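[1] Provide a 3D model corresponding to the input given below.
(one chain, ligands or ions: 2)
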Amino acid sequence: MKKKIKTKKEKIVYLPMAVDLIHHGHINVINVGRKLGKVIVGLLTDKAIAKYKRVPLSTYEERKRIIENIVGVDHVVAQTTDEYVPILKKLKPDYFVHGDDWKTGVQTEKRNRVIAIMKTWGGKVVEPAYTEGTSSTRLIENIINQGTTPEKRGKMLKRILDTKKLVRILEVHNGLTGRIVEKSKIIKGPETKEFDGMWLSSLTDSVAKGKPDNGSVDFTSRQNTIDQIFEVTTKPMILDGDNGGFPEHFALMVKTLERLGVSAVIIEDKVGLKANSLFGADANQTQDSIEEFSHKISVGKKAQVTNHFMIIARIESLVLGKGMKDALDRAKAYIKAGADGIFISSKEKTPDEIFAFAKEYKKFKTKVPLVVVPSTYSSVTEEELVKHGIKVVIYANHLLRSAYPAMVKTAEVILENGGCGESEKLCMPIKDILTLIPGGND
Ligand code: SPV
Ligand code: MG
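    Ligands and ions are numbered 1, 2, ... in the order given. Predicted coordinates:
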């Protein structure tokens, strides 16, 4: 049965909401609205929410089902951006209801625009007092601190890919770095910025263990690192699977990663003793044939148990001097074999060849998300990546690389001074470290 939005006599009340976790604060606001007229909830879509904070715990459809069934809500419409003016112009409601918490802080300009536009047709903005102690951000944080499940975490990457323009991933190599990715957050203008997930790098996982990045750290040990990180985080993880090993071994790796709740694995099209890509052609690395690597991808896809796990194919043609055409041919073949994403490697100082690849890639009929690691072309900005159609950026080694020089410096200062007094100013207060740890000063 279709409900009509507006009849002649009834006053229309527009009430924007995210409702990730419904609480009595929402009910208070709805109650204010229903006394004024017919309540239309403008339910923020996942995309609209992801623009300024973390992707919601529940999907739009789940949230819609909840809000539709709340007494006092007459209608739910999709609020597709975090800007209210366009939908207000369309609906021309008599009232706009919003908790008074937006009078200060990052939402003030948005509020001014709403007041101005409502005035143009004589509409009123009603601002019920914010219900203390109901911040959904706070409630969500409490839930997050309780942890997640492999299933929930595993699915998260696909949901984020569906909702965000660019997925931002940072390297981790132990529990503490996992906590940094989990907790780091800045407010920039109207936006809360954070990392969407973690990259378990083979380079930094090896180096953190004092070993070279040549496969010396076996998969069981890498599994232990994943476990350590998953115990203290909830965000999704993409794992660096090196070349995935033999297809038979790769099939097992896929199942193990799914069971743990890893969202995606990246495997590279190389064979033989592994050497880090950033050595380029100097390291005597051999590329796999298109046929063999495509076969490995399809074996992995067949082994997969869940729908959400992703196998991302990493193309080394540009690094190994095989040229653009080879890179593009491989991308087509790997997508055909079932790859859920393409990671194009480059060790150039500028992003030119990545952008050239992206330009041709845009013309493909069948496309999957494009992934880059700007380790050498580090001056590239996220804005430029988005402009070129790149969907995932992985900052692949930055936590380890920034921590290491600081640690060496501290070691030397202690030796130099014959004591640790001087090193104090190089160290963060122990109390600050403890706030990173769940169950500490959280
Ligand atoms: C890693 O982080 O281990 C990678 C990315 O494979 S890179 O080192 O940039 O090749
Ligand atoms: Mg690696």
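
[2] Show residues contacting stretch 216-229.
    Stretch 216-229 is contacted by residues 172-175, 177-178, 198, 200, 202, 205-206, 209, 211, 237, 239, 253, 256, 260, 262 when judged by C-beta atoms under 8 Å, 6 or more residues apart in numbering. For the C-beta atoms, the positions are set from N, CA and C on the backbone; glycine is no exception.

[3] try it again with 7 Å
    Outside of stretch 216-229, the residues within contact range by C-beta atoms under 7 Å, 6 or more residues apart in numbering are 172-175, 178, 198, 200, 205-206, 209, 211, 237, 253, 256, 260, 262.

[4] In this structure residue 198 contacts residue 172, no?
    Yes - applying C-beta atoms under 7 Å as the test, residue 198 and residue 172 come out as touching, 4.4 Å apart.

[5] These two - which one has more neighbours?
    A count of neighbours by other C-beta atoms under 10 Å puts residue 172 above the other of residue 198 and residue 172, at 31 against 28.

[6] And the more buried one, its phi and psi?
    When quoted as degrees, to the nearest 10, the phi and psi of residue 172 stand at phi -130, psi 160.

[7] and what of residue 231?
    As for residue 231, its main-chain torsions (degrees, to the nearest 10) stand at phi -60, psi -30.

[8] And for residue 194?
    Note on residue 194: backbone dihedrals following degrees, to the nearest 10 are phi -150, psi 180.

[9] give the contact list for it.
    Contact partners of residue 194, counting by C-beta under 7 Å, 6+ apart, are 54, 184, 185.

[10] quick one: which of these sit in strands?
    With strands taken from DSSP state E, the overlap with the contacts of residue 194 comprises residue 185.

[11] residues shared between the contacts of residue 198 and residue 172?
    Joint contacts of residue 198 and residue 172 (C-beta under 7 Å, 6+ apart) are 178, 181, 229.

[12] which SS class is residue 367?
    Reducing the assignment at residue 367 to three states with DSSP: H, G, I helix; E, B strand; the rest coil gives coil.

[13] Once you drop chain neighbours, what's closest to it?
    If you skip the residues right next to it in sequence, residue 367 has residue 361 as its closest partner in space, 6.8 Å away by C-beta to C-beta, 6 or more residues apart in numbering.

[14] returning to what we had before: any chance of the shared contacts of residue 198 and residue 172 in CSV with pLDDT, neighbour count and distance to ligand 1 as columns?
    Compiled in CSV, those are given as follows (pLDDT from 0 to 100; neighbours: other C-beta atoms under 10 Å; distance: C-beta to the nearest ligand atom, whole Å):
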residue, pLDDT, neighbour count, distance to ligand 1
178, 96, 27, 15
181, 96, 24, 14
229, 97, 23, 15
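
[15] In helices, which of those appear?
    With helices identified by DSSP state H, the entries of the shared contacts of residue 198 and residue 172 that belong to them are 178, 181, 229.

[16] Identify the residues contacting the first one.
    Looking back up the chat, that one is residue 178. Counting by C-beta under 7 Å, 6+ apart, residue 178 touches 172, 198, 229, 232, 233.

[17] can you tell if whatever helix or strand the second one lives in touches ligand 2?
    It refers to residue 198. In this structure, residue 198 is located in strand 197-200 according to DSSP states H and E. No - figure legend: strand 197-200 not in contact with ligand 2 (C-beta under 5 Å from the ion); closest approach 9.3 Å.

[18] what's the following helix or strand after that strand?
    The C-terminal neighbour of strand 197-200 among helices and strands, as given by DSSP H and E, is helix 202-208.

[19] Any part of that next one near ligand 1?
    Yes - applying C-beta under 6 Å from any ligand atom, one finds that helix 202-208 is in contact with ligand 1 at 202, 203.

[20] Can you get me the centre-to-centre distance for that helix and its chain?
    The gap between the average C-alpha position of helix 202-208 and the chain average comes to 22 Å, counting by C-alpha atoms, centre = their mean, to the nearest Å.

[21] Now residue 240. Nearest residue, chain neighbours left out?
    Nearest non-adjacent residue to residue 240 (C-beta to C-beta, 6+ apart): residue 202, at 4.3 Å.

[22] coming back round to it: between the contacts of stretch 216-229, which sits nearest residue 333?
    Of all those, the one with the least separation from residue 333 (C-beta to C-beta) is residue 253, at 21.3 Å.
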